[in-house]
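Novice: Fold the stuff below for me.
(2 chains)
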There are 2 protein chains.
Amino acid sequence: MQDVAIVGVGQSVFSRKCGVSIRELCFEAYTEAMEGLDITNNGIDASIICSAPEYDKQRSPAGSISEYLKLTPKPSFYVETVCSSSSTGLRVGWSLIKAGLHKVVAVIGFQKMSDLTSRDAAERMSRGGDIIWESPFGISMPAGYAMYARAHMAKYGTTEEQLAKVRVKNSHYGAANPKATYRKELSLEEILGSEVIASPLKKFDCCANADGASCIIIASRDIAKRITNIPIWIIGLGAATDTMTMSGRESLTGLRCAQEAAKQAYKMAGVGPKDIDVAEVHDCFTIAELMAYEDLGFAKPGEGVGLIEDKETYVGGKIPVNVDGGLLSKGHPIGATGGSQIRTIVKQLRGEAGETQVKGAEIGLVHNIGGVGQYGNVTILRR
Amino acid sequence: MQDVAIVGVGQSVFSRKCGVSIRELCFEAYTEAMEGLDITNNGIDASIICSAPEYDKQRSPAGSISEYLKLTPKPSFYVETVCSSSSTGLRVGWSLIKAGLHKVVAVIGFQKMSDLTSRDAAERMSRGGDIIWESPFGISMPAGYAMYARAHMAKYGTTEEQLAKVRVKNSHYGAANPKATYRKELSLEEILGSEVIASPLKKFDCCANADGASCIIIASRDIAKRITNIPIWIIGLGAATDTMTMSGRESLTGLRCAQEAAKQAYKMAGVGPKDIDVAEVHDCFTIAELMAYEDLGFAKPGEGVGLIEDKETYVGGKIPVNVDGGLLSKGHPIGATGGSQIRTIVKQLRGEAGETQVKGAEIGLVHNIGGVGQYGNVTILRR
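Specialist: Now for the predicted structure:
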């Protein structure tokens, strides 16, 4: 079986109101991903379309998007694990190539949330949790992550200030990302003083809905070597779940789905946390980034705060994390997010990250979570 | 790479109003699929959940269903190509095993449509077509297939009576299927006299929405040989698309997505149309079955009607088709349909089909179409 490489990455500008259709968003990401590749549309053997459902009117968007990108009659289908949909799409695409069905696959993630009112978007979002036992009783995304934050505080003494420091870092890097929704640096005081959303989480502890698309082109070794000079190899893929119900979880101080996915990805890649040069983690809320440090083994349980206190997750630190601004700065167009994270790591490993480049980065990791911790995906890439 | 076999198949009773949740529907199908296998829940490495979105309130159902079936923390994700979702799920599951990520995968398809009014269901269904250029102007499922029927009539002289004969056959076999929604045999007169839905299609030319679930358990050769006595091998997998817009199609007398998918599946399996002993085709409307005969190469273009006129697609004929009653009798719970078709063929190849058994069936084919012909899947199985 041939190795599989990422040969192209693209992302639309993420914004609060894109003003274009989902097809046009995907076209923007696809066009960037195909730039510089010695291949045309005809060379794409299949496309995998990734998003969360019900935010836009087009049902079954795979058909619509593959037609718009002129990929017909090649197979196209839809893959979903809410916020980690495009990481799941990458894993599926990798499998299609490994299995010998295809040579080149486009994994396209998108979300357009701005057609809905905030209230309608929140209603749909909550139905991504358990609709019988939990979402009707108020377990929304912020409420769920607020429970994690409270549990982490109770067990480890984590403080609101420490949470806010995650946003300080991510807003710092977001300012340098031309494709981010939010490019203003935020001070500790601004973050701590922002309005409470679900205590202890305040407005600036939360990422925001956004419109956007991402595209990752992957190829088997023989094709990859031919169509690009800088293939980035997929060396580790982990995927796991936890119960959809929060009440079914064994612990609320970390995400079992991420821990299991990380274990699988490290094993498959033959590397450990110490080998990771740069990482993107799913910071849908500030607490999520702290838990990710621990779930990924960058720190022991309860010691993740040390990494942010000591600025070890800044560029120049032990393990730079979310140096593109993360979901907190970029905004979170659900289905596009995983692909955007992968794009950032690919650019880092190619040495194309400009002022946020982690010097000599050879191995990178992407941690992408779906829902309130029910789906976990960890992907490890190597230059 | 190891071969992949189907080791278990299950289906809930299909009905117009199941009265239970989607999780319970899936449990019913999963339980039948696991019957007799020397394996427990812990032996399932991953689950793929297949349905069309927006018919039931639970978004991202993979998390909910995998929790209910006690498959946590194994990976679970959602795959969709509307009406052919579970065939796409099978193709993806096959790839996960071939790629070496997993050994045993459960592919679970479901749909519960009875929570919606017919009007609401129809509104959602139409949004599975192009929402900018076509569905707002009336291209619903029946309207789309009525256009195929008119085109076929105009080009080949196909008659309404010939279309009705497909339903006569399928209602005959549906009467013998204890899991079908409709078990009444219909006469040619009853079918031709039923109310017009979208001329030339009448009520009995159309399949009906239903509630139901299906489950297919697949495994790599080493495991398959250990956990079941009668593995059925997946030897051909084809998938293709056509434009989502009807106006983008090159022809309306056949489905390009099916023709392309068939070509791929035959090539991969190393067999041709003449080698198929029994087939399930996607008869969402009577015209769809006639087109399938031609798209699959069972008859030349325009000559499919001969097969139904001469009863060659009955048991005992050259190529028995839909001898479980097809979608027309079983009802069409979108995401469950492909799995139900596969279950029928697996039972045929195992020699477990009872009074509708095709004697000595060794190679079977499943043709499953998504939307108004935008997704085509063809799967070939061997005893």
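Novice: From A:H152, how far off is the closest residue to chain B within the stretch 251-383 of chain A?
Specialist: Using CB to the nearest CB, the closest approach of the stretch 251-383 of chain A to chain B is made by A:Q374 at 3.9 Å. Backbone N, C-alpha and C define where each C-beta goes, glycine included. Counting by CB to CB, to the nearest Å, the gap from A:Q374 to A:H152 is 19 Å.
Novice: just A:Q357 next, same as before
Specialist: Taking CB to CB, one finds A:Q357 at 32 Å from A:H152.
Novice: neighbour-wise, which of these two wins?
Specialist: More neighbours surround A:H152 than the other of A:Q357 and A:H152, with 25 against 17 (other CB atoms under 10 Å in any protein chain shown).
Novice: Check which helices and strands the host helix or strand of the more buried one sits against.
Specialist: Per DSSP states H and E, A:H152 falls inside helix A:141-156. Judged by 3 or more CB pairs under 8 Å, 6 or more residues apart in numbering or on different chains; DSSP states H and E, helix A:141-156 is in contact with strand A:196-198, strand A:201-202, helix A:286-295.
Novice: burial measure for A:G138, as a count.
Specialist: 10.
Novice: whoops, I mixed them up, A:V107
Specialist: Neighbours of A:V107 (other CB under 10 Å): 30.
Novice: what's the answer for A:R183, then?
Specialist: The burial count for A:R183: 15, using other CB under 10 Å.
Novice: one step back: who touches the residue of the stretch 251-383 of chain A closest to chain B in this structure?
Specialist: A:G129, A:T241, A:D242, A:T243, A:M244, A:C257, B:S60, B:G63, B:E67 (CB atoms under 8 Å, 6 or more residues apart in numbering or on different chains).
Novice: thought the fifth one was touching B:S64?
Specialist: Which is A:M244. Yes. Contact criterion CB atoms under 8 Å: A:M244 and B:S64 qualify, at 4.8 Å.
Novice: Looking at the two, which is more packed in?
Specialist: A:M244 (31 against 27).
Novice: Of the helices and strands packed on helix A:141-156, flag the one that's most buried.
Specialist: helix A:286-295 (a mean of 28; mean count of other CB atoms under 10 Å in any protein chain shown).
Novice: Assess the claim that A:M147 and A:T253 are in contact.
Specialist: No. Counting by CB under 8 Å, A:M147 sits too far from A:T253 to count as a contact (10.3 Å).
Novice: who has more neighbours, these two?
Specialist: More neighbours surround A:T253 than the other of A:M147 and A:T253, with 22 against 18 (other CB under 10 Å).
Novice: my guess is the more buried one meets A:Y148, correct?
Specialist: Yes. Assessed by CB under 8 Å, A:T253 is found in contact with A:Y148 at 7.1 Å.
Novice: Just the pLDDT at A:M1, thanks.
Specialist: A:M1 carries a pLDDT score of 78 in this model.
Novice: That one and A:I232: what is the separation?
Specialist: 18 Å.
Novice: what are the ranges of the strands in the stretch 251-383 of chain A?
Specialist: A:278-280, A:363-370, A:375-382 (DSSP state E, counting those that start in this stretch).
Novice: can you redo the ones you listed as JSON lines with mean neighbour count, distance to B:R249 and mean pLDDT?
Specialist: Supplementary listing: these in JSON lines, determined by neighbours: other CB atoms under 10 Å in any protein chain shown; distance: least, CB to CB, whole Å; pLDDT from 0 to 100:
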{"stretch": "strand A:278-280", "mean neighbour count": "27", "distance to B:R249": "41", "mean pLDDT": "98"}
{"stretch": "strand A:363-370", "mean neighbour count": "28", "distance to B:R249": "36", "mean pLDDT": "98"}
{"stretch": "strand A:375-382", "mean neighbour count": "28", "distance to B:R249": "36", "mean pLDDT": "98"}
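Novice: Tell me which of those sits nearest to B:L25.
Specialist: strand A:375-382 (21.7 Å; CB to CB).
Novice: which helices and strands sit right next to that closest one?
Specialist: Strand A:375-382 packs on helix A:85-98, strand A:232-241, helix A:256-269, helix A:334-350, strand A:363-370, going by 3+ CB pairs under 8 Å, 6+ apart.
Novice: Turn the helices and strands packed on helix A:141-156 into JSON lines, including mean pLDDT and distance to A:C50.
Specialist: As requested, the helices and strands packed on helix A:141-156 are arranged in JSON lines below (pLDDT from 0 to 100; distance: least, CB to CB, whole Å):
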{"stretch": "strand A:196-198", "mean pLDDT": "97", "distance to A:C50": "27"}
{"stretch": "strand A:201-202", "mean pLDDT": "98", "distance to A:C50": "27"}
{"stretch": "helix A:286-295", "mean pLDDT": "98", "distance to A:C50": "20"}
